[in-house]
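Trainee: sequence? don't have it. structure:
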Ligand code: KG4
Ligand code: ZN
């Protein structure tokens, strides 16, 4: 079964082809970063318009990359939520119209399920059950995963998501959008001993997160020095203290979740799982517990079409498909998904 996957939930147009027999056949990504950079964040209307410009050319490109034609497609998967409604509508309408014209099924994919299953695209992948830490721009969730579509929420953020905290703190540091990778780059030159930021909510039992206080802590620390006196080392030290606090907090909660669920496999996914310090720390923590950390390859941590083609293929193979009338679901709790297969 050859499945075309289309991701358009935010500021990246991702298109990929996945075959259940041959694996990932082709994938392409167009990032809108330059389009939104001058505004310091994503402008939804501009995002929708750019998805309209880019999606069809990318579909032609991945088909050409794989040496396939439209007639070789057996199904089409598209991100139906969560995300920006206009951006989602572009992918959904292209996917559904194409599927209808080819008389093949289309399936609506949950963006976070795409992230969660992305590590299974690798040749060495975890078996179910596992614990997933989903850390993206909009989500910070710990999920007990019994199988595809069998998700039990263990913990969520009470305020900002981890990626959102990275982006907001990066802005305070005068860095460009998207801030997470830039802040991580700056933190690499930082002195970890200069500042100590709090680790939010680790003294309480449970697996909830809260990251908005860290951004305020960063602001207060920055304000101790007049703006024109802040040198590169000072900013790098603040970035490092912030990153260490986020990584440490996530590591503590993951350890707690693995213990609570008596589980030995931890999957990290979503944009923040591209963070090298987080990846390294989780691998070390898991090794101490005789557990194992799994992550997608770097390019599949952030938004991409491969994860949507893959999740869609699993659901299409299980017989799932959507009717001909369609909508998108900008807010969509993952626990509402049907178990698959
Ligand atoms: O999964 P993703 O591409 O989009 C959403 O579904 O939100 O995640 C984007 C988020 C952004 O907040 C971005 O700053 C963050 O992931 N991010 C990082 C890194 N790379 C991306 N945060 C920290 N370190 C990174 N290396
Ligand atoms: Zn995402």
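Mentor: Now that the structure is in, tell me what you want to look at. Being a predicted model, the structure only gives us computed values, none of them experimental. Ligands and ions are numbered 1, 2, ... in the order given.
Trainee: can you list the residues of the stretch 101-250 of the chain near ligand 2?
Mentor: residue 136 (C-beta under 5 Å from the ion). The way it works is simple: take the backbone N, C-alpha and C, and place the C-beta from them, glycine included.
Trainee: tally of neighbours for the nearest residue to residue 282 once chain neighbours are set aside?
Mentor: Nearest residue to residue 282 in three dimensions, chain neighbours excluded: residue 293, at 4.2 Å (C-beta to C-beta, 6 or more residues apart in numbering). If you count neighbours by other C-beta atoms under 10 Å, residue 293 ends up with 24.
Trainee: now do the same contact list for residue 293.
Mentor: Residue 293 is in contact with 266, 267, 268, 279, 282, 283, 285, 286, counting by C-beta atoms under 8 Å, 6 or more residues apart in numbering.
Trainee: rerun at 6 Å
Mentor: Residue 293 makes contact with 266, 282, 283, 286, according to C-beta atoms under 6 Å, 6 or more residues apart in numbering.
Trainee: repeat that for residue 47.
Mentor: Taking C-beta under 6 Å, 6+ apart as the contact definition, residue 47 lies against 11, 87.
Trainee: quick one: what helix or strand has it in it?
Mentor: Per DSSP states H and E: residue 47 is located in helix 44-66.
Trainee: how about that helix: buried residues?
Mentor: 46-52, 54-55, 58-59, 62-63, 66 (16 or more other C-beta atoms under 10 Å).
Trainee: measure how buried the residue in the stretch 51-200 of the chain positioned nearest to ligand 2 is and give me the count.
Mentor: Of all residues in the stretch 51-200 of the chain, residue 136 sits closest to ligand 2, at 4.4 Å by C-beta to the ion. Residues contacting residue 136 under the criterion other C-beta under 10 Å number 25.
Trainee: please apply the same query to residue 334.
Mentor: Residue 334: 20 surrounding residues under other C-beta under 10 Å.
Trainee: that one: what's it in contact with?
Mentor: If you count contacts by C-beta under 6 Å, 6+ apart, residue 334 has them with 110, 112, 151.
Trainee: residue 310: which of the contacts of residue 293 is nearest?
Mentor: Set against residue 310, the nearest of those by C-beta to C-beta is residue 266 (19.8 Å).
Trainee: the helix or strand in which the closest one is found and ligand 2 in contact?
Mentor: Using DSSP H and E, residue 266 sits in strand 265-269. No. Strand 265-269 stays out of contact with ligand 2 when judged by C-beta under 5 Å from the ion, the minimum separation being 8.8 Å.
Trainee: distance from the chain centre to that strand, please.
Mentor: Taking the mean of its C-alpha atoms, strand 265-269 sits 12 Å from the chain's own mean (C-alpha atoms, centre = their mean, to the nearest Å).
Trainee: quick check: mean pLDDT across that strand?
Mentor: For strand 265-269, mean pLDDT rounds to 98.
Trainee: tell me what it is packed against?
Mentor: strand 130-135, strand 292-294 (3 or more C-beta pairs under 6 Å, 6 or more residues apart in numbering; DSSP states H and E).
Trainee: again, only this time at 8 Å
Mentor: helix 111-117, strand 130-135, helix 232-260, helix 276-288, strand 292-294 (3 or more C-beta pairs under 8 Å, 6 or more residues apart in numbering; DSSP states H and E).
Trainee: now do the contacts for the most centrally placed residue in the chain.
Mentor: Centroid-nearest residue in the chain, with C-alpha atoms, centre = their mean: residue 270, separated by 2.4 Å. Contacts here follow C-beta under 8 Å, 6+ apart; on that basis residue 270 touches 112, 115, 134, 135, 136, 139, 163, 301.
Trainee: just checking: which of these also lie near ligand 1?
Mentor: 136, 163 (C-beta under 6 Å from any ligand atom).
Trainee: redo the contacts of residue 270 as JSON lines? Include pLDDT and distance to residue 247.
Mentor: Formatted as JSON lines, these follow (pLDDT from 0 to 100; distance: C-beta to C-beta, whole Å):
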{"residue": "112", "pLDDT": "98", "distance to residue 247": "21"}
{"residue": "115", "pLDDT": "98", "distance to residue 247": "19"}
{"residue": "134", "pLDDT": "98", "distance to residue 247": "16"}
{"residue": "135", "pLDDT": "98", "distance to residue 247": "10"}
{"residue": "136", "pLDDT": "97", "distance to residue 247": "16"}
{"residue": "139", "pLDDT": "96", "distance to residue 247": "17"}
{"residue": "163", "pLDDT": "97", "distance to residue 247": "13"}
{"residue": "301", "pLDDT": "98", "distance to residue 247": "15"}
